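Student: Sharing a model that was predicted from the sequence below.
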Amino acid sequence: MKTRQGKCINSEKCPLSREEEIFTVNDGAPFECPICGGELIEYFPGKPAESLAAAMWEETLELPQPMAWEVPAEAPAGWKPEPAPEADPELLPEPELQAEEHRESAPVAAAERARESHNETPKTAAPMDREWWDPDSSDAGFTPSAPAAPAPRKTEKAPAVILVAAVLVVLLAAAGFYAVTHKLIVLPGLTLDAKGSQTTILRISGSNLMGDSLMPAMAEAFLKYRGATGVHSVAGDHPGEKVVLGTLPRDLTVSAIVIDPHGTESAFTCMAERSCDIGMAERRISPEEASRLSPLSGDMYSSEQEHVVGLDGIAVIVNAANPMNTLPEDRVRELFSGEMTNMATATSPIGPVTVYARDDTSAIWEMFSADVLEGRPLAAGAKRIDTASALADAVAGDPFGIGIVEFPFIRGTKPIAVSDNGALPLLPTRLTVATEDYPLTRRLYLYTSGNSSNPNARQFAAFALSELGQEVVRAAGFVGQNVEPLSAAAPVTAPEEYRQLTANARRLSVDFRFLADSTQLDSKGLADMDRVYAAIQELRLNGEQLMLFGFSDRADDHDRGQALSLELAKTVESQLAQKGISPSVVKGYGAALLVASSETAEGRRRNRRVEVWVKE
């Protein structure tokens with residue numbers, strides 16, 4: 001029986017191939033390795049150049065003369081090898097395997113040409129490697145003209161390498177984006193930075209005090225409340241400007257809230273120019289400013305446009321060893337202006353005073369200068385301190401020192417009870433500031449336009465007044481307006497009936513106040529009504545536990561003052577009744593407990609109030 005000899009070329013997987021084992025195959029049997037099933041390369045004994053390496057080398061270089069083993073042993077005279085048939089393009093393997101398979105299949109092609117030139121009938125080729133040809137997916141009846149030896153898998157580690165490279169690219173891209181957006185690197189001409197590709201949904205302008213920390217914190221909380229991701233703050237393009245960024249649900253671009261703090265007056269200027277949506281103010285809008293804005297924004301004193309977002313106050317502090325306990329507000333003015341240089345009292349001469357004050361750029365100094373000094377210059381020789389903590393430390397170490405700080409920085413010093421022109425002296429506490437009884441308390445306002453087409457302005461103001469928004473106010477160091485019952489003692493000068501009714505009761509941290517010369521609640525009073533109702537529900541109180549005490553500013557006319565105070569209390573009673581709550585006690589005490597001087601419009605407004613107490 002006629003036989004053929006061959007070697008397995010599957011050196012990567014077949015051990016007999018690496019040992020160059022020679023197989024003898026009967027004619028008609030598959031010409032393949034009995035171990036791995038790989039294709040055999042025909043072997044002609046006695047031809048040194050016929051080694052596999054030589055055959056592959058010569059075929060790759062396409063030498064003009066045939067190799068010796070390509071010439072048939074009994075070639076006739078003048079025999080010449082036929083040129084190798086051109087490869088059918090449709091049978092070529094995938095591009096990424098062509099180069100490797102060309103080298104590996106070169107000996108196969110050479111042997112096939114030798115067999116055809118020897119007039120042998122080619123045997124049916126074995127199926128091609130399924131990595132690049134699948135007979136089940138090819139045309140019907142198609143048979144490749146030349147067998148292909150299985151190519152060694154030389155790229156088995158490629159997927160892992162590609163994966164590692166992809167991860168590195170992603171990490172580098174993320175690091176680069178972070179560096180650019182946070183301005184760690186600045187690329188000339190680049191517009192997509194931390195504020196690039198954004199939509200400005202809200203512009204807020206005005207108060208330096210509010211714009212420094214309170215409004216950025218409020219803007220971040222507002223975006224998070226609406227479900228935004230990636231919320232953070234960056235510096236704006238202009239000095240002092242801050243931009244709060246976040247991506248709202250279903251939005252493709254970043255939303256931006258721009259906060260521009262350049263003073264309270266700029267709030268009303270920008271609203272008149274329609275260059276901002278919300279104005280921040282450390283004081284109430286003046287009648288002149290409200291009149292100028294009225295055609296554009298409507299009634300600026302209405303609850304739809306005027307929003308009290310929080311409360312702030314100034315604590316007057318002295319050394320802890322100082323025997324002084326109270327100061328009238330006019331005496332505070334004299335000490336800080338230099339009109340008085342000695343803190344002597346009727347019972348304790350102390351000595352020359354040392355005044356400590358914040359620098360001109362601080363918000364607390366702006367408030368103190370406007371509300372207390374009333375335009376007077378600071379005392380010559382006063383020491384200016386950059387931070388509240390450093391100022392408190394300086395006063396704590398100076399027996400003759402006096403200064404002003406925010407409430408959280410009273411530490412280590414002694415706060416002074418301040419009175420307003422003969423009114424009841426009060427210490428700065430959570431209760432006295434929340435109820436606005438403490439004379440150096442002020443309101444912080446947000447103003448919106450009634451004609452604004454931006455719904456975000458109304459939504460932001462509503463959030464700022466909500467329970468969550470007021471927690472942001474408290475966290476920023478100001479006094480929030482969420483209502484809670486607090487322990488309080490009636491002053492010794494209070495009416496006896498008032499003292500008896502409040503003896504075993506707690507006072508809610510809010511006083512209702514009214515519009516000037518009116519019995520209608522002001523904008524804060526309307527918002528406080530909702531807060532009181534929410535507190536009643538949360539504390540599970542009933543009307544039987546509630547007591548309302550009204551006060552007026554009419555010290556000159558006892559009867560009229562008494563009637564006015566009762567009328568104010570009944571106004572609050574009526575509002576609570578609409579919510580299904582009927583207080584058990586409603587009283588009016590006239591001008592019995594003044595908290596401010598009634599000589600000014602602001603003092604009269606503060607004196608006209610209603611307190612809310614809860615029986616234990």
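Tutor: That came through fine.

Student: According to the record, where do the domains of this structure fall?
Tutor: Annotated domains of the chain cover 3-137, 158-193, 198-311+444-475, 315-439, 483-616 [automatic domain parsing].

Student: Serialize those domains to JSON lines and add fields for mean pLDDT and mean neighbour count.
Tutor: For every residue, glycine as well, the C-beta is placed using N, CA and C. As requested, the domains of the chain are arranged in JSON lines below (pLDDT from 0 to 100; neighbours: other Cβ atoms under 10 Å):
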{"stretch": "domain 3-137", "mean pLDDT": "54", "mean neighbour count": "15"}
{"stretch": "domain 158-193", "mean pLDDT": "60", "mean neighbour count": "11"}
{"stretch": "domain 198-311+444-475", "mean pLDDT": "93", "mean neighbour count": "19"}
{"stretch": "domain 315-439", "mean pLDDT": "87", "mean neighbour count": "18"}
{"stretch": "domain 483-616", "mean pLDDT": "93", "mean neighbour count": "18"}
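
Student: Contacts only, for Ser197.
Tutor: Ser197 is in contact with 253-254, counting by Cβ atoms under 8 Å, 6 or more residues apart in numbering.

Student: ok, it to Leu252 distance?
Tutor: From Ser197 across to Leu252, the span is 9 Å (Cβ to Cβ, to the nearest Å).

Student: now do Cys14
Tutor: 57 Å.

Student: Please report how far Val234 lies from Arg411.
Tutor: 33 Å.

Student: can you pull out the helices in the stretch 151-300 of the chain?
Tutor: With helices called from DSSP state H, counting those that start in this stretch, the stretch 151-300 of the chain shows them at 158-181, 208-209, 215-225, 264-273, 287-297.

Student: Find the residue at the geometric middle of the chain.
Tutor: Nearest residue to the geometric centre of the chain (Cα atoms, centre = their mean): Val231, 2.1 Å.

Student: just checking, that one touches Val254?
Tutor: No - the pair Val231 and Val254 fails to qualify as a contact (Cβ atoms under 8 Å) at a distance of 10.0 Å.

Student: Between the two, which contacts overlap?
Tutor: Common neighbours of Val231 and Val254, counting by Cβ under 8 Å, 6+ apart, are 245-246.

Student: How far does stretch 334-351 stretch from one end to the other?
Tutor: For stretch 334-351, the first-to-last residue distance is 15 Å (Cα to Cα, to the nearest Å).

Student: re earlier: show me what contacts the residue nearest to the centre of the chain?
Tutor: 220, 223-224, 244-246.

Student: Equivalent analysis for Ser207, please.
Tutor: For Ser207, the contact set (Cβ under 8 Å, 6+ apart) comprises 261, 263-264, 267, 280-282, 363, 444.

Student: The helix or strand harbouring Gln470 to helix 215-225, inter-axis angle?
Tutor: Secondary structure from DSSP states H and E places Gln470 in helix 467-475. When axes from the mean of the first three to the mean of the last three Cα atoms, to 10 degrees is applied, the directions of helix 467-475 and helix 215-225 differ by 150 degrees.

Student: just how off-centre is helix 467-475 within its chain?
Tutor: The chain centre lies 16 Å from the centre of helix 467-475; the measure is Cα atoms, centre = their mean, to the nearest Å.

Student: Check what contacts it and list those residues.
Tutor: 214, 217-218, 221-222, 225, 309-310, 463-464, 479-482, 534.

Student: From these, pick the one nearest Ala488.
Tutor: Ala488 has its nearest neighbour among the contacts of helix 467-475 in Val479, at 15.7 Å by Cβ to Cβ.

Student: show me what contacts Ser369?
Tutor: Taking Cβ under 8 Å, 6+ apart, one finds 375, 378 in contact with Ser369.

Student: isn't there a helix covering it?
Tutor: Yes - secondary structure of Ser369 (DSSP: H, G, I helix; E, B strand; the rest coil): part of a helix.

Student: Leaving out chain neighbours, which residue sits closest to Asn325?
Tutor: Of all residues not flanking Asn325 in the chain, Ala417 sits nearest, at 6.1 Å (Cβ to Cβ, 6 or more residues apart in numbering).

Student: The one you found and Val25, how far apart?
Tutor: Relative to Val25, Ala417 is positioned 114 Å away (Cβ to Cβ).

Student: same check, this time on Glu306
Tutor: 102 Å.

Student: ok, back up a step: next SSE after the helix holding Gln470?
Tutor: strand 485-486.

Student: Give the pairing partners of that following strand; include direction for each.
Tutor: strand 505-513 (antiparallel) (DSSP bridges).

Student: picking that back up, residues touching the closest residue to the residue nearest to the centre of the chain other than its chain neighbours, list them.
Tutor: Residue nearest to Val231 in three dimensions, not counting chain neighbours: Gly246, with 3.8 Å by Cβ to Cβ, 6+ apart. Counting by Cβ under 8 Å, 6+ apart, Gly246 touches 220, 223-224, 228-232, 254-255.

Student: next one: Ala357
Tutor: 336, 365, 368, 378, 382-385, 391, 403-404.

Student: what kind of secondary structure is it in?
Tutor: At Ala357 the chain is in strand, as set by three-state DSSP.

Student: With adjacent residues omitted, what lies nearest to it?
Tutor: Closest residue to Ala357 apart from its sequence neighbours, by Cβ to Cβ, 6+ apart: Ala382 at 5.4 Å.

Student: what does Val258 give?
Tutor: Using Cβ to Cβ, 6+ apart and skipping residues adjacent in sequence, the residue nearest Val258 is Arg203, 4.9 Å away.

Student: cool, and Asn10?
Tutor: Gly38 (3.5 Å).

Student: Tell me how far the one you found lies from Ala563.
Tutor: Distance from Gly38 to Ala563, by Cβ to Cβ: 113 Å.

Student: Then Glu334?
Tutor: Distance check for Glu334 against Ala563: by Cβ to Cβ, it reads 38 Å.

Student: same question, Asp371
Tutor: Taking Cβ to Cβ, one finds Asp371 at 32 Å from Ala563.

Student: now Glu599
Tutor: Taken as Cβ to Cβ, the span from Glu599 to Ala563 is 22 Å.

Student: what's the answer for Gly480, then?
Tutor: From Gly480 to Ala563 the distance is 34 Å (Cβ to Cβ).

Student: what do you get for Asp553?
Tutor: Taking Cβ to Cβ as the measure, Asp553 falls 13 Å from Ala563.

Student: Kindly report the same for Val258.
Tutor: Distance of Val258 to Ala563, computed by Cβ to Cβ: 50 Å.

Student: I'd like the helices of the stretch 151-300 of the chain as TSV, with distance to Arg474 appended.
Tutor: Output for the helices of the stretch 151-300 of the chain, formatted as TSV (distance: least, Cβ to Cβ, whole Å):
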stretch	distance to Arg474
helix 158-181	31
helix 208-209	16
helix 215-225	11
helix 264-273	22
helix 287-297	29
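
Student: so which of those comes closest to Asp511?
Tutor: helix 208-209 (23.0 Å).

Student: what's that closest one in contact with?
Tutor: Contacting residues not belonging to helix 208-209 are listed as 240, 261-263, 282, 312, 361, 363-364, 366-367, 444 [Cβ under 8 Å, 6+ apart].
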